[in-house]
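Novice: Give the three-dimensional model of this entry:
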Amino acid sequence: MAQQRGMKGNGNNSAPSSSSSLTSDLVLSVLSSKVASLDNVQSSALASLARLRQEEALIREELASRNRGEDEGAHHMFMLAPAPAPAPAPAPAPAADLFAANGTALP
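Specialist: Numbering: from 1, shown residues only. From the prediction side, this is the model:
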């Protein structure tokens with residue numbers, strides 16, 4: 001019964017009525033418009049994603065450069081600082097002092 005409402009009333013039930021055809025055309029038009037709109041949204045989103053990925057790559061490169069610069073700067077800072085003078089070696093104790101500390105006498 002519901003199918004017959006959109007059909008011509010000639011008993012054939014094979015040709016759609018003009019209102020059904022208009023409804024189908026309207027639905028197709030709206031769907032086509034929506035698909036085109038979604039295509040535009042998708043294109044815009046992909047372009048934005050590409051820009052964000054480029055920005056991310058630049059930021060990562062900048063951070064890596066800064067980290068390298070800090071490492072190199074620290075390396076240069078140590079290289080430029082004078083090396084501390086070695087502590088003087090203690091003078092050897094005279095043999096007599098060693099034996100006296102040991103509680104023995106020199107032979």
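Novice: drop to CA atoms for contacts and neighbour counts, all remaining ones
Specialist: Fine.
Novice: and the next element down the chain from the helix or strand of the chain with the lowest mean pLDDT?
Specialist: Using mean pLDDT, DSSP states H and E, helix 2-5 stands out as the lowest-scoring helix or strand of the chain, at a mean of 48. The helix or strand immediately downstream of helix 2-5 is helix 18-80, counting by DSSP states H and E.
Novice: Now that next one: average pLDDT?
Specialist: For helix 18-80, mean pLDDT is 87.
Novice: I'd like to know how far residue 42 sits from residue 85.
Specialist: Separation of residue 42 from residue 85 (Cα to Cα, to the nearest Å) stands at 68 Å.
Novice: Comparing the two, which shows the higher neighbour count?
Specialist: residue 42 (12 against 6; other Cα atoms under 10 Å).
Novice: how far away is residue 91 from residue 85?
Specialist: 17 Å.
Novice: Kindly report the same for residue 59.
Specialist: Residue 59 is 43 Å from residue 85, by Cα to Cα.
Novice: cool, and residue 64?
Specialist: According to Cα to Cα, residue 64 and residue 85 sit 36 Å apart.
Novice: Same check on residue 68?
Specialist: Counting by Cα to Cα, the gap from residue 68 to residue 85 is 30 Å.
Novice: Equivalent analysis for residue 49, please.
Specialist: 58 Å.
Novice: now residue 60
Specialist: Distance, residue 60 to residue 85, using Cα to Cα: 42 Å.
Novice: How is residue 91 assigned, secondary-structure-wise?
Specialist: The three-state assignment at residue 91 reads coil, by DSSP: H, G, I helix; E, B strand; the rest coil.
Novice: What is the burial count for it?
Specialist: Neighbours around residue 91, by other Cα under 10 Å: 6.
Novice: One more: residue 20?
Specialist: Residues within reach of residue 20, counting by other Cα under 10 Å, total 15.
Novice: No further queries at this time; thank you.
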